[in-house]
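J.: okay, structure incoming, though there's no sequence with it:
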């Protein structure tokens, strides 16, 4: 079947999509957007987290046809053309990336958290990222990165 | 495989009648896992995410009708005051990503004994509204679960909604797992005190082939509260009473050993959860006086 969907602000159309296919497969294998990672394929690990109509979801659990006409934001769409998203910069600066496989999902989930709650408490951060597993177990640095991004975003607000 | 995408409830019901083998999919948190792992190849998927009727909840004569495709996230955000037990259970589902997609109707459709919504729905005496082109049926949730991952739906029926009465008394929920998030329950328990009708509602999860009530324990507790005048006095709950309630809940379960836990651990956990949820609920009841 044919799927038409808006991905990172751009209308995309793909043909010959199998009816049982996931949005994750469409993004990675048909649209050339491998940022969303394919790990558990059962919604346990969060490494395929994307925004679907503004809500974080596991792309592996969205049937391709369910994304028809919807808006998808992947990790590829977070950065501005000339600058990384503040959460991405903070992950680099805080050393929150080890093997990197969980990073795209965590970055998308963390960016959504800070959009909704600019100064999250630690329990809020833990809850928001509870669906994203890091098997390098780098959680402390990941929490540092989210706090750093929140501080920097708050600083920008003050500077304005 | 076909991908059926009705845009109204009437179309959805017709599509299910025309293709009874179609598997309904909303949040995809169960159905897509089966597809991703090649465990399931239905002749068709029936996508319910474009049926607006299913994504709405409403109130009728003091009861809440929850559309089958209302997500856990929305139950938590919008119904925490009206349906506290179900909202508590919903908070323990998966992760934010899963709660954003998973639905109460999906929990009923999958009918896993481990589904988090079931103990809360059982304790609250919820009813399941199902529909086909032949008509509407309303099934008490306790009769809806018919076996391991089996439910009372006929092949041409879809779950339309869930009816729950906002409680007059406290509700509690407890779930045991290996961590706080992303956990399929090892055992779960839902409790509702119904002081208006002097009854107690219970729901056991992950400790029998189906979610089930602990009827004997509920009748024992309701009668003991009555005999001691505690429904009126809201006095201190005797410890032996809470312990006996826990033991009787344990007696209602029939768990198995599996990868998540042993039968004996589940029985022990249930007795403890029943006693604790009763203490929490009784505390709520005393404070509400």
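T.: Perfect, I can see it now. All of these numbers come straight from a predicted model, not from anything done at the bench. Numbers count the residues shown, from 1 in each chain, chains lettered A, B, ... in the order given.

J.: quickly list what residue A:63 is bridged to.
T.: Beta-bridge pairing of residue A:63 under DSSP bridges involves residue A:22.

J.: show me what contacts it?
T.: Residues near residue A:63 by Cβ atoms under 8 Å, 6 or more residues apart in numbering or on different chains: A:19-23, B:3, B:25, B:28, B:31-32, B:35, B:45, B:47. C-beta: built from backbone N, CA, C; applies to glycine.

J.: by neighbours, which of those residues wins?
T.: Looking at the contacts of residue A:63 with neighbours defined as other Cβ atoms under 10 Å in any protein chain shown, the largest count falls to residue A:23 at 32 neighbours.

J.: coming back round to it: ok, so of the contacts of residue A:63, who is nearest residue B:97?
T.: Relative to residue B:97, the closest of those is residue B:28; by Cβ to Cβ it sits at 11.2 Å.

J.: what strand or helix carries whatever residue of chain A ends up closest to chain B?
T.: Nearest residue of chain A to chain B: residue A:131, at 2.3 Å (Cβ to the nearest Cβ). Under the criterion of DSSP states H and E, residue A:131 resides outside all helices and strands.

J.: that one reaches residue B:101, doesn't it?
T.: No - applying Cβ atoms under 8 Å, one finds residue A:131 not in contact with residue B:101, separated by 11.0 Å.

J.: for chain A, which residues are neighbours of chain B?
T.: Chain A has residues A:1, A:18-20, A:22, A:41-44, A:46, A:49, A:55-58, A:60-63, A:65-66, A:68, A:109, A:127-128, A:130-133 near chain B, with proximity defined as Cβ under 8 Å from any Cβ of the partner chain.

J.: of those residues, grab the buried ones for ChimeraX.
T.: Buried members of these, defined by 16 or more other Cβ atoms under 10 Å in any protein chain shown, are picked up in ChimeraX with:
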select /A:1,19,20,22,41,42,43,44,46,49,56,57,58,60,61,62,63,65,66,68,109,127,128,130,131,132,133
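
J.: restricted to strands, list the residues of chain A next to chain B.
T.: For the residues of chain A next to chain B, membership in strands holds for A:49, A:55-58, with DSSP state E as the criterion.

J.: mind putting these into JSON lines with pLDDT?
T.: Supplementary listing: these in JSON lines, determined by pLDDT from 0 to 100:
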{"residue": "A:49", "pLDDT": "98"}
{"residue": "A:55", "pLDDT": "98"}
{"residue": "A:56", "pLDDT": "98"}
{"residue": "A:57", "pLDDT": "98"}
{"residue": "A:58", "pLDDT": "98"}
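
J.: rewinding a little: who touches both of residue A:131 and residue B:101?
T.: If you check residue A:131 and residue B:101 against Cβ under 8 Å, 6+ apart, the residues they both contact are residue A:58.

J.: what about the worst-scoring helix or strand of chain A on mean pLDDT, distance to the chain center?
T.: Least confident element among the helices and strands of chain A, by mean pLDDT, DSSP states H and E: helix A:139-159 (a mean of 91). On the basis of Cα atoms, centre = their mean, to the nearest Å, helix A:139-159 sits 17 Å off its chain's mean C-alpha point.

J.: and that helix, which residues are buried?
T.: Neighbour counts over helix A:139-159 (16+ other Cβ under 10 Å) mark A:139, A:141-150, A:152-153 as buried.

J.: who touches that helix?
T.: Residues lying outside helix A:139-159 but in contact with it, judged by Cβ under 8 Å, 6+ apart, are A:86-87, A:89-91, A:93-96, A:106, A:110, A:113-114, A:118-120, A:122, A:125-126, A:129, A:134.

J.: drop anything exposed from those residues.
T.: When the contacts of helix A:139-159 are checked for burial by 16+ other Cβ under 10 Å, the buried set is A:86-87, A:89-91, A:94, A:96, A:106, A:110, A:113-114, A:120, A:125, A:129, A:134.

J.: which positions in the stretch 151-289 of chain B make contact with chain A?
T.: With Cβ under 8 Å from any Cβ as the criterion, the stretch 151-289 of chain B meets chain A at residues B:180-182.

J.: could you rerun that using 7 Å?
T.: Applying Cβ under 7 Å from any Cβ of the partner chain, one finds that the stretch 151-289 of chain B approaches chain A through B:181-182.

J.: list the buried residues for the helix or strand hosting residue B:136?
T.: Remark: residue B:136 resides in strand B:135-140, with elements defined by DSSP H and E. Applying a neighbour-count criterion of 16+ other Cβ under 10 Å, the buried positions in strand B:135-140 are B:137, B:139.

J.: which other helices and strands does it contact?
T.: strand B:127-132 (3 or more Cβ pairs under 7 Å, 6 or more residues apart in numbering or on different chains; DSSP states H and E).

J.: strands paired with the strand it packs on, and their directions?
T.: As assigned by DSSP bridges, strand B:127-132 forms pairs with strand B:135-140 (antiparallel), strand B:158-164 (antiparallel).

J.: which among the buried ones among the contacts of helix A:139-159 gets closest to residue B:239?
T.: Proximity of the buried ones among the contacts of helix A:139-159 to residue B:239 was ranked by Cβ to Cβ; the top entry is residue A:125 with 39.2 Å.

J.: mind checking pLDDT for the closest one?
T.: In this model, residue A:125 is scored at 97, pLDDT.

J.: contacts only, for it.
T.: Contacts here follow Cβ atoms under 7 Å, 6 or more residues apart in numbering or on different chains; on that basis residue A:125 touches A:113, A:143, A:146.

J.: which SS class is residue B:24?
T.: Taken by DSSP: H, G, I helix; E, B strand; the rest coil, the conformation at residue B:24 corresponds to strand.

J.: alright, that wraps it up for me.
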